[in-house]
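J.: Can you look at this prediction? I've put the sequence above it.
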Amino acid sequence: MPDDAPFAAGLDALAARVRDDLARIAHPRLPWMEPVAGPDGKPALDVLIVGGGQSGVAIAHGLMRAHVDNVLVVDKAPRGLEGPWLTYARMPTLRSPKDYTGPDLDLPSLAYQSWHEAVYGPAHWQALELITRQDWAAYLLWVRDVTGVPVANETELVDIAPVEGLLEARFAGGGVRYARKIVLATGQDGGGTWWMPDFVAALPVHVRAHTADPIDFAALRGRRVAVLGAGASALDNAAMALEAGARDVALFCRRAEPQVIQPFRWLTFAGFLRHLSDLDDAWRWRFMSHILGLREGFPQPTWDRCARHPAFRLLTGRPWTGARMAGDAVLIDTPAGPHEADFLICGTGIMIDFAARPELGRCAGNIARWRDRYDPQPAEADGDPDGKADGEADDRLADFPYLGPDFALLPRQPGLTDWMRDVHMFNIASTMSFGPSGASINAMTTAVPKLVSGLTRGLFTADVEKHWRSLRDYDVPQAILTERKTP
């Protein structure tokens, strides 16, 4: 984003417009949340949001528009490094079309287009093809600041425990906050951990990395690099290695042909985004197992970024079956024979594993998963009209949490750790229950309001007796009857 002074005036004017728009749509304005004291005698947060990226900021903004103001967002990263955009995202631009909205929550002055035009001018927006990730990161910080969302950076949640009807959040370094509800807006790995094959993880760390790891690409100049996976992130990392001067970059795809269809483009319509979660379990499973079974395809510019380099090779039908050190190099086992490389990069995504999340340590073993609530039937048994096995079992998807209608964690065994119903999961792990939601720009306009509605519903119903007493005690006259004087 330009630092030039002329653009500051445009953003100042836009910020004033945002504040004016928010004031115009503030109805109903009446405050309705009553403070609840924590064990420390201080007011507990109504909602603690863990994760200060695009989702966390949008959720807080939505709650504040509903006059739930006692909220706090925490993020373990320093300011400006929340989310992937300036860390492990290695594509030049977002993959989403530029007109996708999200963090604005349908407020035009808060939309990315308004920010972009204020910074670069309307003509630049018209000529723009895709949003750079640096601009998106700058825009998200602006949204956070202009809406007044409170964020505590370099604050890492390490434990959640029930205390006197509230949730106790403990942070690295010893800090403690109490909250009525906690939202885990923790992005791609928020339901588990980044995954790579065990035989790769067993190698020395100086010869392997995950696409989510910090990687010194300059150090790969003149070296042989092997990339596992054929998704967009895998190709992004292959491109980074090629651009850094790697001698050979081989990308291994286990399929006979790489996936080039992007199912997330198909599903970006209001009916699916709003109402997938309203379907019964069989339909939800059928849709999401098909979509997630395809995996996420890569766009043409991502492929072209690699294919323009003579040092790039795509090897299809080549899963890795083992790997071991051979001197200073790594020997990778594949069905087509061994492959020697100097450095390995795994674009292998995430694994749902609640035990890997320290904040869930007290309830991980009792979180209901899809395998606990739904037993998929083969295609011929579930009436699938096209005869495809969309309903078949899938252990990877069965590990996803089976969430309540408000994104709440549910106990596998009721009566144990029931307090987890006040922990709401809005990250990649919510995908099986809600479709694209907690880690997708295209779903924010529908998923965030659905979560906010669930949170306010829970807060209201928990206080229903207080509201009833308040109604009974309400005695503010709307008119004053004066005695009419007779002439």
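T.: Good, I have the coordinates.

J.: drop to CA atoms for contacts and neighbour counts, all remaining ones
T.: Fine.

J.: ok, now which ones touch residue 255?
T.: Counting by C-alpha atoms under 8 Å, 6 or more residues apart in numbering, residue 255 makes contact with 316-319.

J.: who wins for most neighbours among these?
T.: residue 318 (20 neighbours; other C-alpha atoms under 10 Å).

J.: Show residues contacting stretch 127-145.
T.: So stretch 127-145 is contacted by 1, 53-54, 57, 80, 85-86, 91-98, 103-104, 110, 112, 115, 150 (C-alpha under 8 Å, 6+ apart).

J.: ok, 6 Å please
T.: 1, 85, 92-94, 98 (C-alpha atoms under 6 Å, 6 or more residues apart in numbering).

J.: In ChimeraX, how would I select the buried members of those?
T.: Restricted to buried positions by 16 or more other C-alpha atoms under 10 Å, the ChimeraX selection for the contacts of stretch 127-145 reads:
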select :85,93,94,98
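
J.: circling back: now distance to residue 396 too, for the contacts of residue 255, in CSV please.
T.: Below are the contacts of residue 255 laid out as CSV (distance: C-alpha to C-alpha, whole Å):
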residue, distance to residue 396
316, 23
317, 21
318, 21
319, 18
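
J.: Which members of those residues occur in strands, if any?
T.: Among these, the members falling in strands (DSSP state E) are residue 316.

J.: ok, which pair from the contacts of residue 255 is furthest apart?
T.: Greatest spatial distance among the contacts of residue 255 (C-alpha to C-alpha): 316 and 319, at 8.3 Å.

J.: returning to that earlier point: in JSON lines: the contacts of residue 255, plus pLDDT and distance to residue 281.
T.: Below are those laid out as JSON lines (pLDDT from 0 to 100; distance: C-alpha to C-alpha, whole Å):
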{"residue": "316", "pLDDT": "96", "distance to residue 281": "35"}
{"residue": "317", "pLDDT": "95", "distance to residue 281": "33"}
{"residue": "318", "pLDDT": "96", "distance to residue 281": "35"}
{"residue": "319", "pLDDT": "96", "distance to residue 281": "32"}
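
J.: ok, so of the contacts of residue 255, who is nearest residue 49?
T.: Scanning these for proximity to residue 49, where the rule is C-alpha to C-alpha, the winner is residue 319, at 38.9 Å.

J.: Where does the prediction get shaky in this protein?
T.: Low-confidence segments of the chain, defined by pLDDT under 70: 1-8, 379-391, 487.

J.: What is the burial count for residue 213?
T.: Using other C-alpha under 10 Å: residue 213 sits among 13 other residues.

J.: Quick one: classify it as helix, strand or coil.
T.: Following DSSP: H, G, I helix; E, B strand; the rest coil, we place residue 213 in the coil state.

J.: which one is it nearest to, not counting chain neighbours?
T.: residue 88 (6.6 Å; C-alpha to C-alpha, 6 or more residues apart in numbering).

J.: Count the residues that sit near that neighbour.
T.: Neighbour number of residue 88 under other C-alpha under 10 Å is 16.

J.: Which secondary structure state does it sit in?
T.: Here residue 88 is coil, with the state taken from three-state DSSP.

J.: Make sure it is actually in contact with residue 212.
T.: Yes: if you go by C-alpha atoms under 6 Å, residue 88 and residue 212 touch, sitting 5.2 Å apart.

J.: Return the alpha-carbon coordinates of the host helix or strand of residue 453 using CSV.
T.: Using DSSP states H and E, residue 453 sits in helix 444-462. Taking C-alpha atoms only, helix 444-462 is exported to CSV below (Å, rounded to 0.1, in the frame of the first residue of the first chain):
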residue,chain,number,x,y,z
MET,A,444,-17.9,-14.6,5.3
THR,A,445,-21.0,-12.7,4.3
THR,A,446,-23.3,-15.6,5.4
ALA,A,447,-21.2,-17.5,8.0
VAL,A,448,-20.2,-14.6,10.2
PRO,A,449,-23.8,-13.3,10.7
LYS,A,450,-24.9,-16.9,11.4
LEU,A,451,-22.3,-17.3,14.1
VAL,A,452,-23.1,-13.8,15.5
SER,A,453,-26.8,-14.7,15.6
GLY,A,454,-26.0,-17.9,17.5
LEU,A,455,-23.8,-16.1,20.0
THR,A,456,-26.4,-13.4,20.7
ARG,A,457,-29.1,-16.0,21.0
GLY,A,458,-27.1,-17.9,23.6
LEU,A,459,-26.4,-14.7,25.5
PHE,A,460,-30.0,-13.7,25.5
THR,A,461,-31.5,-17.0,26.4
ALA,A,462,-29.0,-17.4,29.3
